[in-house]
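Trainee: Please work out how this folds:
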Amino acid sequence: MRDKSSATAAGAITLGALGVLAFSMSLPATRVAVQQLDPWFVAFGRAVGAAALAAAYLRFSGAPRPSREQWRRLTIVALGVVAGFPLFTSLALTSQTSAHGAVVIALLPATTAVLAVLRAGERPPALFWIASASGLVAVLTFLVVSGTVRGGVTVTDLYLLTAVGLCGLGYAEGGMLARELGGARTICWALIVALPVTVPLTLAAAVADPPQAGPAGWAAFGYLTVVSMFLGFFAWYAGLARGGIARVGQIQLVQPVLTLLWSALFLGEQVGLWSFGAALIVLVFVVLTQRSRATLSKDSYVDTVMAESR
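Mentor: Below you'll find the predicted structure:
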């Protein structure tokens, strides 16, 4: 039992890390895309493209339809990760850098953990909260010292805060659903349930501002469609389901640092070499959160076993 539990925990951390790696490129890719394409088209067009991939996957895998209650919960997932986060980050990054966006996104692990307590009934121990708070402070200190925070709170910051709140909700609800549906099917059905909203908005944006972009713009849009909106969630939701939403969600502490690195590499934004030292500090706190044992709700163990069999 102990070996199986350890293997499950290691698998959950690996899946969560793969999801974070995929998502860490989302802000830089969004920044590139919205410089050439309408932000509404970027936000909802990628969801429509990902929904086409989702429909093919669901048909190929012979996935059964969700129950009425699961459809309701999938609507919450869609609100958070299919519509809310893409829209508000797209609006924010039309006038702000992806490095600045990383500042606010650093709040996402804590938001996810709080919502995991409220929505999923998880009860992480004190060490978890201490390590999580310390990791958050380390990330924010690094971002402030690196010069990505300038001035007061702006409209773009409010957009990003809204994106974080909705995304945390989508992560918590999706992580719970993934215990029943599996990680891949959870995001696929969420993309499908959002189509009555995403298709009209995409068409309206395309008519109002016909999409025209160079190779870099379309490549960024393609990444957001295939990886950020589709494949990344396969690993992410599976990791949340197996390892606990609050616990695995803390791996996101690494995401802002990775986002800064990608921003420097691909967008030419300035990031000091000492950022690698900050990354190591953050990784220490991530390890501490993973070593702490979260006490889940009474049905979560059964749900996790079901998720592993999918």
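Trainee: which stretches of the stretch 1-150 of the chain form helices?
Mentor: Here the stretch 1-150 of the chain has its helices, by DSSP state H, counting those that start in this stretch, at 2-23, 26-34, 39-61, 68-77, 85-92, 98-105, 108-120, 126-145.
Trainee: Convert the fifth one to PDB, retaining C-alpha atoms only.
Mentor: Read it as helix 85-92. Taking C-alpha atoms only, helix 85-92 is exported to PDB below (Å, rounded to 0.1, in the frame of the first residue of the first chain):
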ATOM      1  CA  PHE A  85      -8.800  33.200 -17.700                       C
ATOM      2  CA  PRO A  86      -8.100  33.400 -21.400                       C
ATOM      3  CA  LEU A  87     -10.300  36.500 -21.800                       C
ATOM      4  CA  PHE A  88      -9.000  38.600 -18.900                       C
ATOM      5  CA  THR A  89      -5.300  37.700 -19.600                       C
ATOM      6  CA  SER A  90      -5.800  38.600 -23.300                       C
ATOM      7  CA  LEU A  91      -7.300  41.900 -22.400                       C
ATOM      8  CA  ALA A  92      -4.500  42.600 -19.800                       C
END
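Trainee: Indicate which one of the helices of the stretch 1-150 of the chain is closest to residue 188.
Mentor: Closest approach to residue 188 among the helices of the stretch 1-150 of the chain (Cβ to Cβ): helix 39-61, 3.7 Å. All C-beta spots, glycine's among them, are computed from the backbone N, C-alpha and C.
Trainee: picking up where we left off before, out of the helices of the stretch 1-150 of the chain, name the one with the poorest average pLDDT.
Mentor: Lowest mean pLDDT of those: helix 126-145, a mean of 74.
Trainee: what residues are up against the closest residue to residue 173 other than its chain neighbours?
Mentor: Ranked by Cβ to Cβ, 6 or more residues apart in numbering and with sequence neighbours excluded, the top spatial neighbour of residue 173 is residue 76, at 4.6 Å. Going by Cβ atoms under 8 Å, 6 or more residues apart in numbering, residue 76 touches 169-170, 173.
Trainee: Can you add secondary structure and give those residues back as JSON lines?
Mentor: JSON lines is the format used below for those (DSSP: H, G, I helix; E, B strand; the rest coil):
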{"residue": "169", "secondary structure": "helix"}
{"residue": "170", "secondary structure": "helix"}
{"residue": "173", "secondary structure": "helix"}
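Trainee: Show me which of those is closest to residue 227.
Mentor: Closest to residue 227 out of the contacts of residue 76 is residue 170 (16.9 Å), distances taken as Cβ to Cβ.
Trainee: how many other residues sit next to the closest residue to the closest one other than its chain neighbours?
Mentor: Spatial nearest neighbour of residue 170, excluding adjacent residues (Cβ to Cβ, 6+ apart): residue 80 at 2.2 Å. Applying other Cβ atoms under 10 Å, we find 23 residues neighbouring residue 80.
Trainee: Quick check: the gap between residue 80 and residue 140.
Mentor: Residue 80 sits 23 Å away from residue 140, going by Cβ to Cβ, to the nearest Å.
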